[in-house]
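Asker: no sequence for this one, just the structure:
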């Protein structure tokens, strides 16, 4: 009997594809549920840090040897997350290789590191009105401000420079007791862990500098689109007020 | 064909993201989203709940309602029904913090006055060592078995944890500043209440954590304040204990009290014959007429939650 093994991109949802795995319906459902639960609980525990595909694969390979079973289970889990909860399990790709970094040595081809974040599929206005947790909005605000700064700096910015701009917003590196954010340093570090930013050491003539770059989560389409729109709105308002002022002048 | 649409998803995501919601808020949201008010379209509301729970059961989650026993308000939330490896991840609290929480809730439900609260001092003095695994009950399992993290859990860490637990609604602060159970605990620990020896309310059969006791010292009947209100709201009903028949000192709210005075005599002073033999029968029949909150409309998968140990709490999912 030939087993057709498909690439991980294919949604193996039909019964024929499932039958190749030689596991019961219950076992299949149990595995899928485990993956979904893992994703949801881990997402909560990590405060939204991406979940590596490897972690999910392991849940399956822990007990089952069939080669394309992990891919099948993960795809089914994605589909159920959408149908039950309305969450999209969006895949992030590390599209840019990590700059040479003395500390880190990675054997893997960087483009292979797949990770997932959970995103609501609800329309933005519905999400804001009913779902958004207002107690967490300070974090979103901070994230957005930092990403905007780095974006305006061209996608990467030196540490010194970043803090310079954050200070203008009243956020100081030495502040451990910000009323909303606690330790600003830690809040920034969290953005690195959530893959909005990545840190790189660059050696220059004056020694090593730390550079913050936009990472895969910030480069994701919806977010980068939102940031650009926001920034352009600010410019538009400014332009408008200048035009208005000059027209008044001529009247 | 997907059973749930974006309206269902909105409701589910709202509860996951914002935590338990008051019934009023949840109903308002439902009305706005579906255009139908649960008050006038009870069947629609129940259908929605049923459908959502059917789907959520795939991952052992459940949308359920419960009463906050301190103010009688009903809250809706999504809870996890099975304690497994995945759910153990789903907490931001450390092991000693969870042991601290467990110690506090045990102390709260054992409150002799059945007010469901303990003082700050008592909360901070809860000993984590008592929470070391259930299996180690031998006397030899002394300090050597207690993890250093438990022993080193300082007072200031306890204070911080206490505040975090209140903030996250696992615990609450009563009006007089004591520590009580939070809404999440009521939602989550239903099966734990049943498995421990907490006496249930005679009227609604839910655990009587904060309830009134029968005046008779020998009688073990306890009834929630809000259940008493329902039970004794008709002036013609005799305000006596359903277990032993002793008069129940029930203070009516003002409006009803006035009506009471205008009527003929209140409850008789003499003891009616005891109804002890009827007590057990009444208890099992009670679930039918009370609390429309009681999940007749929700698919309560209690059988799986019966055996759940409390090693980790369910997650507040975002």
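Answerer: That came through fine. Source: prediction; values computed, not measured.

Asker: could you find the closest non-adjacent residue to the closest residue to chain B within the stretch 51-200 of chain A?
Answerer: Proximity to chain B, evaluated over the stretch 51-200 of chain A using Cβ to the nearest Cβ, is greatest for residue A:86 at 2.8 Å. Heads up, the C-betas are built off the backbone N, CA and C, glycines and all. In this structure, residue A:86 finds its nearest non-sequential neighbour in residue B:9, 2.8 Å apart by Cβ to Cβ, 6 or more residues apart in numbering or on different chains.

Asker: low-confidence stretches in the stretch 151-251 of chain A?
Answerer: Within the stretch 151-251 of chain A, the segments meeting pLDDT under 70 span A:235-251.

Asker: apply 50 and report the result again.
Answerer: Within the stretch 151-251 of chain A, the stretches with pLDDT under 50 are A:243, A:245-251.

Asker: what parts of chain A come near chain B?
Answerer: Taking Cβ under 8 Å from any Cβ of the partner chain as the contact definition, chain A meets chain B at A:29, A:33-34, A:36-38, A:40-45, A:47-48, A:80, A:83-87, A:120-123, A:126-127, A:130-133, A:136.

Asker: one more time with 7 Å, if that's ok
Answerer: By Cβ under 7 Å from any Cβ of the partner chain, the residues of chain A that approach chain B are A:33-34, A:36-38, A:40-42, A:44-45, A:80, A:83-86, A:120, A:122, A:126, A:130-133.

Asker: mind checking which of those residues land in strands?
Answerer: Counted as lying in strands by DSSP state E, out of the residues of chain A next to chain B, are residue A:120.

Asker: which of the residues of chain A next to chain B are buried?
Answerer: Among the residues of chain A next to chain B, those classed as buried by 16 or more other Cβ atoms under 10 Å in any protein chain shown are A:33-34, A:36-38, A:40-42, A:44-45, A:80, A:83-86, A:120, A:122, A:126, A:130-132.

Asker: how far off centre is the helix or strand hosting residue A:28?
Answerer: In this assignment (DSSP states H and E), residue A:28 forms part of helix A:25-45. Counting by Cα atoms, centre = their mean, to the nearest Å, helix A:25-45 is centred 20 Å from the centre of its parent chain.

Asker: residues contacting the most centrally placed residue in chain A?
Answerer: The centre of chain A sits closest to residue A:217, judged by Cα atoms, centre = their mean, with a distance of 3.3 Å. By Cβ atoms under 7 Å, 6 or more residues apart in numbering or on different chains, the contact list for residue A:217 reads A:50, A:92, A:117, A:194-196, A:223.

Asker: returning to what we had before: so how far is residue B:117 from the residue of the stretch 51-200 of chain A closest to chain B?
Answerer: Computed with Cβ to Cβ, to the nearest Å, the distance linking residue A:86 and residue B:117 is 38 Å.

Asker: now residue B:210
Answerer: Residue B:210 sits 7 Å away from residue B:117, taking Cβ to Cβ as the criterion.

Asker: quick one: the helices in the chain, in order.
Answerer: All of this refers to chain A. For chain A, applying DSSP state H gives helices covering A:15-19, A:25-45, A:53-61, A:69-80, A:124-126, A:137-152, A:159-168, A:184-193, A:216-219, A:221-250.

Asker: hmm, no, I was thinking of chain B.
Answerer: Taking DSSP H, the helices of chain B run over residues B:6-18, B:23-34, B:42-56, B:85-89, B:95-109, B:120-124, B:148-151, B:155-167, B:183-188, B:190-195, B:225-231, B:254-262, B:276-289, B:302-305.

Asker: just for the stretch 101-250 of chain B, where's the confidence low?
Answerer: Along the stretch 101-250 of chain B, the parts satisfying pLDDT under 50 run over B:134-141.

Asker: go again with 90.
Answerer: B:110-114, B:126-154, B:167-168, B:188-199, B:202, B:214-220, B:228-250 (pLDDT under 90).

Asker: stretch B:12-30 and chain A in contact?
Answerer: Yes: for stretch B:12-30, a contact with chain A is found by Cβ under 7 Å from any Cβ, at B:12-14, B:17-18, B:29.

Asker: tell me how far that stretch lies from the chain's centre.
Answerer: Computed by Cα atoms, centre = their mean, the chain-centroid distance of stretch B:12-30 equals 17 Å.

Asker: which parts of it are buried?
Answerer: B:12-21, B:26-27, B:29-30.

Asker: and which of the residues you listed is nearest residue B:72?
Answerer: residue B:20 (14.9 Å; Cβ to Cβ).

Asker: any idea how far the closest one is from residue B:66?
Answerer: The gap separating residue B:20 from residue B:66 is 8 Å, by Cβ to Cβ.

Asker: overlap in contacts of these two?
Answerer: Both residue B:20 and residue B:66 are contacted by B:75, B:187, under the criterion Cβ under 7 Å, 6+ apart.

Asker: mind listing what residue A:158 touches?
Answerer: By Cβ under 7 Å, 6+ apart, residue A:158 lies in contact with A:209, A:211.

Asker: ok, residue 63 - how many residues close by?
Answerer: Let's take chain A. Neighbour count of residue A:63, defined by other Cβ atoms under 10 Å in any protein chain shown: 12.

Asker: not quite, I wanted chain B
Answerer: For residue B:63, the tally of surrounding residues (other Cβ under 10 Å) stands at 25.

Asker: distance of it from residue B:91?
Answerer: 20 Å.
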